[in-house]
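> Everything below, folded, please.
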Amino acid sequence: MLRRRVSVPRVLLGVLLIVGCALAGAAVANRIDTRLPVLATARPVAAGQTITDADLTVVRVAAEAQVATVPAAQRGTVVGRTAAMPLQAGVLVSAQQLGDVAWPPAGQSVIAVGLKPGRAPAGLTAGTQVTVIVIPSTAPGGGGAAGGATGGSGTGSGPQVVRADATVVSVSEAADQSGVSVVSLLLSAADAVTVASTSGEAALVQRGVGR
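Sure, this is the predicted structure:
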């Protein structure tokens, strides 16, 4: 029986052709990839906080995206700057987010609401749209709806339930000894005064996106 000899040069040539094609494909892919490296937050940054190198990461976004960004090459111009507003993890960094603190926005306020166990959906995170509901104390003068907040359907014989739309700013990592957790909310200045001045039990209802 005749055995064919393996041609080493041909084998090497075949390997080189495969490697060359792979490199060529990668080069073409890089050329047609229009995404650009830009800066994003690697972790949450509070308003007024000085941004450090560890707070930043690099992501790639489409060049045609109509979103203000900071190129990764300009990382040094961001480190040491102050966050003008709270930044969630994974947010694309832009020049408008840096500088003098501009938080909360004009016409809005941030308040802290203490919530008992079971009075808010699990997994609330910054940016979640909610409706805060406060059931006033039954004692006279316990507080009622005013300003932009919406009252309940009471007949006026007692305190009315206070409702106001808000956005979650932050959630405390752990509840206190009584089981109460604190959630910071962004809402209109008028509603903030109403909610904060109403003595009673608060609850949060998560709203659907786009509502």
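
> by contact count, what packs against the strand ranked longest in the chain?
Secondary structure of the chain read by DSSP state E shows that its longest strand is strand 162-171. Applying 3 or more C-beta pairs under 8 Å, 6 or more residues apart in numbering; DSSP states H and E, one finds that strand 162-171 contacts strand 129-136, strand 181-188, helix 189-197. (Each C-beta comes from the backbone N, C-alpha and C, glycine too.)

> Identify whichever of the ones you listed lies nearest to residue 121.
strand 129-136 (8.2 Å; C-beta to C-beta).

> Show residues contacting the closest one.
The contact list for strand 129-136 (C-beta atoms under 8 Å, 6 or more residues apart in numbering) reads 113, 120, 124, 142-144, 159-168, 185, 187, 195, 198-207, 209, 211.

> and the residue nearest the centre of the chain, backbone torsions?
By C-alpha atoms, centre = their mean, the chain has its centre lying nearest to residue 88, at 3.8 Å. When quoted as degrees, to the nearest 10, the phi and psi of residue 88 stand at phi -80, psi 160.

> mind listing what it touches?
Contacts of residue 88 by C-beta under 8 Å, 6+ apart are 41, 44, 125, 126, 127.

> Recalculate using a threshold of 6 Å.
Residue 88 is in contact with 44, 126, counting by C-beta atoms under 6 Å, 6 or more residues apart in numbering.

> quick one: it from residue 68, how far?
16 Å (C-beta to C-beta, to the nearest Å).

> got it, and residue 95?
To residue 68, residue 95 is 7 Å away according to C-beta to C-beta.
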